[in-house]
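[1] What shape does this take:
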Amino acid sequence: MQDTEYHITSEFIELNQLLKLCGLAESGGAGGAIVSQGSVTVDGQPELRKRCKIRPGQLVQLGDAQIRVLLADATDIAASLEAQSVKAKAKFAKRVDKINAAKAAAWVMKKKIEAGAKIPIKLGARKGPKARSKENAIAAAKRRGVTSPEAPWMARTSKTTVAKIRNAPVEGGAASALAAPVVTAPRVAKVRPNVFAEKAEAHRRRKRQP
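    Just a heads-up that it's a prediction; the model follows:
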(Lines give C-alpha, C1' and ligand atoms only; values in the text may rest on other atoms or scores of the structure.)
Protein backbone atom coordinates (compact mmCIF):
# COMPACT_ATOMS: atom_id res chain seq x y z
CA MET A 1 0.00 0.00 0.00
CA GLN A 2 1.33 3.41 -1.02
CA ASP A 3 1.30 5.96 1.80
CA THR A 4 1.72 9.66 1.01
CA GLU A 5 1.85 12.70 3.24
CA TYR A 6 0.64 15.99 1.79
CA HIS A 7 1.25 19.23 3.67
CA ILE A 8 -1.14 22.12 3.14
CA THR A 9 -0.58 25.78 4.01
CA SER A 10 -4.28 26.68 4.24
CA GLU A 11 -7.20 25.62 6.39
CA PHE A 12 -8.39 22.91 3.98
CA ILE A 13 -8.00 21.51 0.48
CA GLU A 14 -10.69 20.23 -1.88
CA LEU A 15 -10.77 16.50 -2.48
CA ASN A 16 -10.56 16.60 -6.28
CA GLN A 17 -7.61 19.03 -6.12
CA LEU A 18 -5.88 16.79 -3.60
CA LEU A 19 -6.10 13.82 -5.97
CA LYS A 20 -4.68 15.94 -8.79
CA LEU A 21 -1.78 17.33 -6.74
CA CYS A 22 -0.87 13.87 -5.47
CA GLY A 23 -0.74 12.46 -9.00
CA LEU A 24 -3.78 10.19 -8.68
CA ALA A 25 -5.75 12.16 -11.28
CA GLU A 26 -4.72 14.06 -14.39
CA SER A 27 -6.84 17.10 -13.56
CA GLY A 28 -9.37 18.40 -11.07
CA GLY A 29 -12.22 17.29 -13.34
CA ALA A 30 -10.80 13.78 -13.58
CA GLY A 31 -10.43 13.73 -9.79
CA GLY A 32 -14.08 14.74 -9.42
CA ALA A 33 -15.12 11.92 -11.76
CA ILE A 34 -13.19 9.41 -9.63
CA VAL A 35 -14.86 10.71 -6.48
CA SER A 36 -18.35 10.52 -8.05
CA GLN A 37 -17.76 6.83 -8.81
CA GLY A 38 -17.49 6.10 -5.08
CA SER A 39 -13.89 4.89 -5.23
CA VAL A 40 -12.57 7.35 -2.62
CA THR A 41 -12.93 7.07 1.14
CA VAL A 42 -12.22 9.72 3.78
CA ASP A 43 -11.39 8.41 7.25
CA GLY A 44 -12.80 5.03 6.20
CA GLN A 45 -16.16 6.41 4.99
CA PRO A 46 -17.14 6.58 1.29
CA GLU A 47 -17.13 10.14 0.00
CA LEU A 48 -19.12 11.26 -3.07
CA ARG A 49 -18.65 15.02 -2.76
CA LYS A 50 -16.16 16.18 -5.38
CA ARG A 51 -15.13 19.29 -3.47
CA CYS A 52 -15.21 17.87 0.01
CA LYS A 53 -13.03 19.96 2.34
CA ILE A 54 -10.13 17.85 3.58
CA ARG A 55 -8.51 19.26 6.71
CA PRO A 56 -5.20 18.40 8.42
CA GLY A 57 -5.32 15.04 10.18
CA GLN A 58 -7.73 13.33 7.75
CA LEU A 59 -6.87 10.22 5.75
CA VAL A 60 -7.91 9.82 2.11
CA GLN A 61 -7.75 6.41 0.43
CA LEU A 62 -8.09 5.50 -3.25
CA GLY A 63 -7.44 1.84 -3.98
CA ASP A 64 -4.01 0.96 -2.62
CA ALA A 65 -2.99 4.62 -2.21
CA GLN A 66 -3.40 6.48 1.06
CA ILE A 67 -2.96 10.22 1.51
CA ARG A 68 -2.57 11.70 4.96
CA VAL A 69 -3.14 15.45 5.00
CA LEU A 70 -0.93 17.37 7.44
CA LEU A 71 -0.46 21.02 8.27
CA ALA A 72 2.71 22.53 6.85
CA ASP A 73 5.44 24.06 8.98
CA ALA A 74 5.27 27.68 10.04
CA THR A 75 8.07 28.51 7.59
CA ASP A 76 6.14 27.08 4.63
CA ILE A 77 2.96 28.88 5.69
CA ALA A 78 4.85 32.17 5.96
CA ALA A 79 6.39 31.64 2.51
CA SER A 80 2.95 30.92 1.02
CA LEU A 81 1.47 34.04 2.59
CA GLU A 82 4.41 36.08 1.32
CA ALA A 83 3.88 34.77 -2.22
CA GLN A 84 0.19 35.65 -2.05
CA SER A 85 1.05 39.12 -0.81
CA VAL A 86 3.54 39.70 -3.65
CA LYS A 87 0.95 38.56 -6.22
CA ALA A 88 -1.70 40.89 -4.76
CA LYS A 89 0.75 43.82 -4.74
CA ALA A 90 1.67 43.22 -8.39
CA LYS A 91 -1.99 43.13 -9.38
CA PHE A 92 -2.68 46.35 -7.48
CA ALA A 93 0.36 48.07 -9.05
CA LYS A 94 -0.83 47.06 -12.54
CA ARG A 95 -4.23 48.60 -11.85
CA VAL A 96 -2.64 51.81 -10.52
CA ASP A 97 -0.46 52.08 -13.64
CA LYS A 98 -3.54 51.73 -15.84
CA ILE A 99 -5.35 54.51 -13.94
CA ASN A 100 -2.29 56.79 -14.10
CA ALA A 101 -2.00 56.22 -17.88
CA ALA A 102 -5.65 57.20 -18.33
CA LYS A 103 -5.12 60.34 -16.24
CA ALA A 104 -2.05 61.28 -18.28
CA ALA A 105 -3.94 60.84 -21.55
CA ALA A 106 -6.78 63.01 -20.23
CA TRP A 107 -4.28 65.72 -19.17
CA VAL A 108 -2.67 65.72 -22.63
CA MET A 109 -6.10 65.98 -24.27
CA LYS A 110 -6.99 68.91 -21.99
CA LYS A 111 -3.79 70.78 -22.91
CA LYS A 112 -4.46 70.24 -26.63
CA ILE A 113 -7.98 71.63 -26.26
CA GLU A 114 -6.69 74.64 -24.34
CA ALA A 115 -4.12 75.26 -27.10
CA GLY A 116 -6.91 75.41 -29.67
CA ALA A 117 -6.21 72.10 -31.41
CA LYS A 118 -9.10 70.46 -33.23
CA ILE A 119 -9.73 67.10 -31.68
CA PRO A 120 -12.26 64.78 -33.33
CA ILE A 121 -14.83 63.67 -30.80
CA LYS A 122 -16.99 60.68 -31.60
CA LEU A 123 -20.53 61.26 -30.42
CA GLY A 124 -23.61 59.13 -30.73
CA ALA A 125 -24.08 55.45 -31.23
CA ARG A 126 -22.23 53.23 -33.67
CA LYS A 127 -23.37 53.45 -37.26
CA GLY A 128 -25.94 50.94 -38.38
CA PRO A 129 -25.40 48.23 -41.01
CA LYS A 130 -27.03 50.27 -43.79
CA ALA A 131 -24.75 53.27 -43.26
CA ARG A 132 -21.69 51.06 -43.06
CA SER A 133 -22.65 49.14 -46.21
CA LYS A 134 -23.09 52.42 -48.11
CA GLU A 135 -19.66 53.64 -47.02
CA ASN A 136 -18.10 50.32 -47.97
CA ALA A 137 -19.79 50.46 -51.39
CA ILE A 138 -18.47 53.97 -52.04
CA ALA A 139 -14.96 52.92 -50.99
CA ALA A 140 -15.11 49.87 -53.28
CA ALA A 141 -16.34 52.03 -56.16
CA LYS A 142 -13.39 54.37 -55.68
CA ARG A 143 -11.00 51.42 -55.74
CA ARG A 144 -12.47 50.39 -59.10
CA GLY A 145 -11.83 53.80 -60.55
CA VAL A 146 -15.20 55.48 -59.96
CA THR A 147 -14.55 58.68 -58.05
CA SER A 148 -18.12 59.93 -58.12
CA PRO A 149 -19.93 59.32 -54.82
CA GLU A 150 -23.19 59.03 -56.76
CA ALA A 151 -22.29 55.64 -58.15
CA PRO A 152 -21.89 53.23 -55.19
CA TRP A 153 -23.76 50.66 -57.28
CA MET A 154 -20.45 50.02 -59.10
CA ALA A 155 -19.19 48.16 -56.03
CA ARG A 156 -21.92 45.54 -56.37
CA THR A 157 -21.41 44.83 -60.06
CA SER A 158 -19.14 42.18 -61.48
CA LYS A 159 -15.88 42.94 -63.26
CA THR A 160 -17.36 41.77 -66.58
CA THR A 161 -20.26 44.19 -66.27
CA VAL A 162 -17.90 47.02 -65.38
CA ALA A 163 -15.77 46.27 -68.46
CA LYS A 164 -18.85 46.24 -70.70
CA ILE A 165 -20.01 49.59 -69.32
CA ARG A 166 -16.56 51.11 -69.76
CA ASN A 167 -16.37 50.01 -73.42
CA ALA A 168 -19.96 50.94 -74.29
CA PRO A 169 -20.29 53.74 -76.89
CA VAL A 170 -22.37 56.13 -74.80
CA GLU A 171 -22.79 59.80 -75.61
CA GLY A 172 -20.47 61.79 -73.43
CA GLY A 173 -17.93 59.01 -73.07
CA ALA A 174 -17.56 56.01 -70.81
CA ALA A 175 -16.64 58.14 -67.78
CA SER A 176 -19.97 59.95 -67.87
CA ALA A 177 -21.77 56.62 -68.19
CA LEU A 178 -19.99 55.33 -65.12
CA ALA A 179 -20.59 58.47 -63.13
CA ALA A 180 -24.24 58.74 -64.09
CA PRO A 181 -26.62 57.40 -61.44
CA VAL A 182 -28.82 54.46 -62.28
CA VAL A 183 -32.45 55.43 -62.79
CA THR A 184 -34.85 52.72 -61.77
CA ALA A 185 -38.60 52.52 -62.07
CA PRO A 186 -40.58 53.34 -58.95
CA ARG A 187 -41.54 50.34 -56.89
CA VAL A 188 -45.22 49.50 -56.99
CA ALA A 189 -46.71 48.12 -53.82
CA LYS A 190 -48.22 44.67 -54.23
CA VAL A 191 -51.80 44.29 -53.07
CA ARG A 192 -52.29 40.93 -51.45
CA PRO A 193 -55.74 39.36 -51.78
CA ASN A 194 -57.77 38.74 -48.66
CA VAL A 195 -57.79 34.96 -48.56
CA PHE A 196 -60.23 34.74 -45.67
CA ALA A 197 -62.78 36.98 -47.43
CA GLU A 198 -62.55 34.87 -50.58
CA LYS A 199 -63.11 31.67 -48.61
CA ALA A 200 -66.09 33.16 -46.80
CA GLU A 201 -67.64 34.31 -50.09
CA ALA A 202 -67.16 30.85 -51.62
CA HIS A 203 -68.81 29.29 -48.59
CA ARG A 204 -71.84 31.62 -48.93
CA ARG A 205 -72.13 30.75 -52.60
CA ARG A 206 -72.22 27.05 -51.84
CA LYS A 207 -74.98 27.62 -49.31
CA ARG A 208 -77.10 29.52 -51.84
CA GLN A 209 -76.95 26.66 -54.31
CA PRO A 210 -80.08 24.43 -54.27
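[2] can you give me the strands for the protein?
    For the chain, the strands defined by DSSP state E cover 2-8, 13-14, 40-42, 45-46, 53-54, 59-62, 65-71.
[3] Least confident of the ones you listed, on average?
    Of all these, mean pLDDT reaches its minimum on strand 2-8 (a mean of 82).
[4] Mind listing residues that contact it?
    For strand 2-8, contacts defined as C-beta atoms under 8 Å, 6 or more residues apart in numbering pick out 13, 18, 21-22, 56, 64-73, 76. In short, each C-beta sits where N, CA and C put it, glycine included.
[5] repeat that with 6 Å
    Residues from elsewhere that reach strand 2-8, judged by C-beta atoms under 6 Å, 6 or more residues apart in numbering: 22, 64, 65, 66, 67, 68, 69, 70, 72.
[6] Dump those residues to CSV, plus distance to residue 207.
    Converted to CSV, the contacts of strand 2-8 look like this (distance: C-beta to C-beta, whole Å):
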residue, distance to residue 207
22, 87
64, 89
65, 88
66, 91
67, 88
68, 93
69, 89
70, 94
72, 95
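[7] Kindly indicate the member of those with the most neighbours.
    Among the contacts of strand 2-8, residue 67 has the most neighbours (other C-beta atoms under 10 Å), with 23 neighbours.
[8] quick one: the residue nearest to residue 72 when sequence neighbours are not counted from residue 84, how far?
    Closest residue to residue 72 apart from its sequence neighbours, by C-beta to C-beta, 6 or more residues apart in numbering: residue 7 at 4.0 Å. Computed as C-beta to C-beta, to the nearest Å, the residue 7 to residue 84 distance reads 17 Å.
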